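>>> Give me a 3D structure for the following:
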Amino acid sequence: MAMPQMPKWYDDDDQIVSCTEKVKVMTKNLNELYQMAQDAFEDALLMGCSEKQLHEYLRDLMARPKKPHQKTS
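Residues are numbered from 1 along each chain as shown. As a prediction, this is how the structure comes out:
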């Protein structure tokens, strides 16, 4: 299965992120993340791990990143 199409990115104020370089970095990072997840998933299946458990773990893993800092007013 192919990676989903990239959405238009918005900031916290619902303004579109239009900087070409920022969008390029985001696209590159998410493509790399997808490929790493795909590789890990395939390796785990080859080792006999449960596909259902892998999907559950990857969902949990992606829900964990937190914003490292808050904007100051």
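>>> And for the most centrally placed residue in the chain, nearest residue in space, chain neighbours not counted?
In the chain, the centroid-proximal residue (C-alpha atoms, centre = their mean) is residue 30; its distance is 5.2 Å. Leaving aside its sequence neighbours, residue 30 sits nearest to residue 6 (C-beta to C-beta, 6 or more residues apart in numbering; 7.0 Å). All C-beta spots, glycine's among them, are computed from the backbone N, C-alpha and C.
>>> Surely the one you found touches residue 29?
No: using C-beta atoms under 8 Å, residue 6 makes no contact with residue 29, being 10.9 Å away.
>>> what about residue 36, how many neighbours?
Residue 36 is surrounded by 10 other residues when neighbours are defined as other C-beta atoms under 10 Å.
>>> Let's verify it: helix, strand, or coil?
Look at residue 36: counting by DSSP: H, G, I helix; E, B strand; the rest coil, its state is helix.
>>> where does the chain dip in pLDDT?
The chain contains residues with pLDDT under 70 at 1, 71-73.
>>> what's the spacing between the residue nearest to the centre of the chain and residue 4?
Spatial separation of residue 30 from residue 4 under the definition C-beta to C-beta, to the nearest Å is 10 Å.
>>> Same check on residue 39?
Counting by C-beta to C-beta, the separation of residue 39 from residue 4 is 17 Å.
>>> And residue 40, by the same measure?
Applying C-beta to C-beta, one obtains 18 Å for the distance of residue 40 from residue 4.
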